[in-house]
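> Pasting the sequence and the predicted coordinates here, then a few questions.
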Amino acid sequence: MPMTVQHSPSISLASLDQLWFQVAGTLCNLTCHHCFISCSPHNRSFGFLTLPAVKQRLEEARELGVKEYYFTGGEPFLNPQMTEILVATLRYGPATVLTNGTVWKDHWLEALHRAEQMSEYSLEFRVSIDGFSAQTNDPIRGEGTFDRILQGIQRLVEAGFIPIITATRTWPETSELEIVREFRKTLKKIGYTRPRLKILPALKIGAEAQRTRGYGPLDRVTTEMLDGYDLSQLVCHQSRIVTNRGVHVCPILIDAPDSLLGNSLQEAAVDFPLSHGACYTCFQYGSICTNPSSPSGSQKTPTPPPQSHA
Amino acid sequence: MPHRIACLGGIYSNHLALAQALRDITGRGVDQIVCLGDMGAFGPHPDQVFPLLAEYGVTCLQGNYDDSIGNALDDCQCGYTDERDNYFAQLSYDYTLDNTSDENRRFLRHLPPQLRTEIGPLRILFCHGSPRRVNEFLWQSTTSTAFLQRLAAEQKVDVIAATHTGIKWHRPLPEGRHFVNVGCLGRPENDGRKNVWYTMLEFRDGQLQVEFVPVEYDTHTLVQEMRHERLPDEFMETILSGWWTTCLEILPSKERQRGPH
Ligand code: SF4
Ligand code: SF4
């Protein structure tokens, strides 16, 4: 069988460890400039996943020994069944939800905290922001969103969670210490005294821009490039994602027709040619999707001076 | 066929806790003592644990730290991304590498990564992180039962014993299988208590019994040695308070919620 016209190398699914759910389809209350699947209040190209649909996948996943579950969108909490879906998932395994932090209601959070307390598994919230100020965040995420995100974080903390705040680096590295210290102070004021911060390199912003801008013909992964490369850096090596259309290779490519691999998790456990421009970005920067407690490969940042947790 | 196996996880140069645990184990009587790796890190005078391991005939496996120190790699392979965690990890790694003798480094370099044996009629696999990767974290709150069942089936064993996270836990699996994280001797497990833990596995009454055994040791002397070696105050605070002050990034939500930091 010819692989692809570019003779892209294929990757096998080594082990289905993480199962993702495109639980809110492409629907989002925000319209971030860098959103790589162009989610918006009007983008209905992918629909919500229903509770029964998720439950059916959880049963399939249990048979296959999936380790953990991730929920993304769009904005997951626009799905009216989101709380029930997470409560159901916590009976199967750990759950992580990637959210913009601007739409939940207090009673959902209370119910979710109770569910986490009763479960043996963790429920992780990952809230994304662009930089640590309205000046850097709002031009990308929308007017007034920085303050709304902070309020969202405050409500999570009040409900008993310790969310992971994922921030893209929008400042020069030389001023990082001071900027992070300021942001910790801001968070302390709203009651978040031990924030879990994950700073993504500025490169990743470029990466997102590149994903939407399109790639040159040379921006492709080749067989030679994979020589000696740690494939576990790539999400597609140990994950699949469920949308309302079926099972796709990874969360990044769901818009691409060839990303849809089958109707069942088992059908989707096939090799995939790394023929997309986005694959080249993954190859360069590694996975940015999983939690620090279950890293894919080992991403290293240079050693800086110590920072206080205070 | 062994029926009673004592398991030691992450020693992190805590020779005082190791000596105390080994005395305790010998007093109780066992068929075998297995150390699941990470002899160095965190504590003072890394060379002091090796004579103890030899004296008591401990079967040792290679952890990620042992691989790094043995082969003089650049870092411990824990994969921290948080800058503060990375800073402390590197500091303790450089100290451990500088203070481990060539002979002990050779010993670490040649340790096997896994051990397969039997406990009673059960097939058991000892490893450091997970059966498939030496530095994979298997936390109680982020590891599904289905996944552990798959690992045990793939490995064709009834019991998997691992360490690496520094916090002990046990989960019985369907079909009479078990997963045990044996915890660690090197530092307390972020529960506000100063003691550390080893794990006793025994096949008794037709099934596997898992007992986590607390070890009280002379923390005062350990901290004095750490201070003398100019190890960070943050590490000493952990020994004296029972709460982690570094490496917090890797803790999942539930494990992290238990501590104050
Ligand atoms: S919040 Fe997330 S899903 Fe919504 S538009 Fe922004 S990047 Fe896309
Ligand atoms: S975009 Fe990334 S995760 Fe998706 S198939 Fe390509 S390399 Fe794999």
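Here it is on my side, so go on. Ligands and ions are numbered 1, 2, ... in the order given.

> which residue sits closest to residue A:277, ignoring its sequence neighbours?
Of all residues beyond its chain neighbours, the one nearest residue A:277 is residue A:215 (2.8 Å), with distances taken as Cβ to Cβ, 6 or more residues apart in numbering or on different chains. All C-beta atoms are positioned from the backbone trio N, CA, C, and that covers glycine.

> wouldn't the one you found be in contact with residue A:279 here?
No: if you go by Cβ atoms under 8 Å, residue A:215 and residue A:279 don't touch, sitting 9.5 Å apart.

> more neighbours, the two?
Counting neighbours by other Cβ atoms under 10 Å in any protein chain shown for residue A:215 and for residue A:279 shows that residue A:279 has the greater number, 25 against 15.

> For the more buried one, report the pLDDT, please.
On the pLDDT scale, residue A:279 is placed at 88.

> Using the three-state scheme, assign the closest residue to residue B:62 other than its chain neighbours.
Using Cβ to Cβ, 6+ apart and skipping residues adjacent in sequence, the residue nearest residue B:62 is residue B:111, 3.7 Å away. Under the three-state scheme (DSSP: H, G, I helix; E, B strand; the rest coil), residue B:111 adopts coil.

> From ligand 2, how far off is residue B:111?
35 Å (Cβ to the nearest ligand atom, to the nearest Å).

> That residue and residue B:61, how far apart?
Going from residue B:111 to residue B:61 by Cβ to Cβ, to the nearest Å gives 6 Å.

> Quick check: neighbours shared by these two?
Residues within reach of residue B:111 and of residue B:61 at once, by Cβ atoms under 8 Å, 6 or more residues apart in numbering or on different chains, are residue B:37.

> residue contacts, the residue of the stretch 101-250 of chain B found nearest chain A?
Residue of the stretch 101-250 of chain B nearest chain A, by Cβ to the nearest Cβ: residue B:150 (2.7 Å). Neighbouring residues of residue B:150 by Cβ under 8 Å, 6+ apart: A:64, A:65.

> Do me a favour and average the pLDDT over the helix or strand hosting it.
Using DSSP states H and E, residue B:150 falls within helix B:145-155. Per-residue pLDDT over helix B:145-155 has a mean of 98.

> Equivalent analysis for stretch A:245-262, please.
Per-residue scores along stretch A:245-262 average to 95.

> Likewise for stretch B:99-113?
For stretch B:99-113, mean pLDDT rounds to 96.

> quick one: residue B:57 and residue B:34 touch, right?
No: at 10.8 Å, residue B:57 does not count as touching residue B:34 under the criterion of Cβ under 8 Å.

> more crowded one of those two?
Taking other Cβ under 10 Å, residue B:57 and residue B:34 do not tie; residue B:34 has more neighbours (24 against 9).

> Which strand or helix spans residue B:160?
Going by DSSP H and E, residue B:160 is part of strand B:159-162.

> before we move on, what about residue A:146?
helix A:145-158.

> can you give me the strands in the stretch 151-261 of chain B?
Ranges of strands within the stretch 151-261 of chain B are B:159-162, B:169-172, B:178-181, B:196-204, B:207-215, based on DSSP state E, counting those that start in this stretch.

> mind checking the SS state of residue B:39?
Here residue B:39 is recorded as coil under three-state DSSP.

> Am I right that it is in contact with residue B:13?
Yes: with contact defined as Cβ under 8 Å, residue B:39 counts as touching residue B:13 (7.2 Å).

> Now do the buried residues in the helix holding residue B:150.
For helix B:145-155, a neighbour-count test (16 or more other Cβ atoms under 10 Å in any protein chain shown) marks B:145, B:146, B:147, B:148, B:149, B:150, B:151, B:152, B:155 as buried.

> Give me the distance between the last one and ligand 1.
Read it as residue B:155. Taken as Cβ to the nearest ligand atom, the span from residue B:155 to ligand 1 is 39 Å.

> Which residues are in contact with the nearest residue to that residue once chain neighbours are set aside?
Once flanking residues are discounted, residue B:155 sits nearest to residue B:131: 5.0 Å by Cβ to Cβ, 6+ apart. Residue B:131 is in contact with B:114, B:125, B:151, B:154, B:155, B:160, B:162, counting by Cβ under 8 Å, 6+ apart.

> what do you get for residue A:110?
residue A:159.

> gap between the lowest-mean-pLDDT helix or strand in chain B and the chain center?
For chain B, the helix or strand with the lowest mean confidence is helix B:83-98, at a mean of 87 (criterion: mean pLDDT, DSSP states H and E). Remark: helix B:83-98 is offset 18 Å from the chain centroid, using Cα atoms, centre = their mean, to the nearest Å.

> Then stretch A:239-256?
On Cα atoms, centre = their mean, the centre of stretch A:239-256 falls 13 Å from that of its chain.

> tell me which residues of that stretch are tucked away?
Neighbour counts over stretch A:239-256 (16+ other Cβ under 10 Å) mark A:239-243, A:247-254 as buried.

> and chain B, which of those residues contact it?
Counting by Cβ under 8 Å from any Cβ of the partner chain, the subset of the buried residues of stretch A:239-256 that neighbours chain B is empty.

> All the strands of the stretch 101-250 of chain A, in order from the start?
With strands called from DSSP E, counting those that start in this stretch, the stretch 101-250 of chain A shows them at A:123-130, A:164-168, A:196-200, A:239-243, A:246-248.

> Any chance of the ones you listed in TSV with distance to residue B:137 as columns?
Output for the strands of the stretch 101-250 of chain A, formatted as TSV (distance: least, Cβ to Cβ, whole Å):
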stretch	distance to residue B:137
strand A:123-130	14
strand A:164-168	16
strand A:196-200	16
strand A:239-243	17
strand A:246-248	27
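
> For the closest residue to chain B within the stretch 1-150 of chain A, give me phi and psi.
Chain B sits closest to residue A:65 of the stretch 1-150 of chain A, with a gap of 2.7 Å, by Cβ to the nearest Cβ. Residue A:65 adopts backbone torsions of phi 80, psi 40, taken as degrees, to the nearest 10.

> looking at it, it is touching residue B:145, isn't it?
No: between residue A:65 and residue B:145 there is no contact under Cβ under 8 Å: 9.3 Å.

> on that earlier part again, pLDDT score assigned to the residue nearest to residue B:155?
pLDDT, residue B:131: 97.

> Go over the secondary structure and confirm it is in a strand.
No: using three-state DSSP, the assignment for residue B:131 is coil, not a strand.
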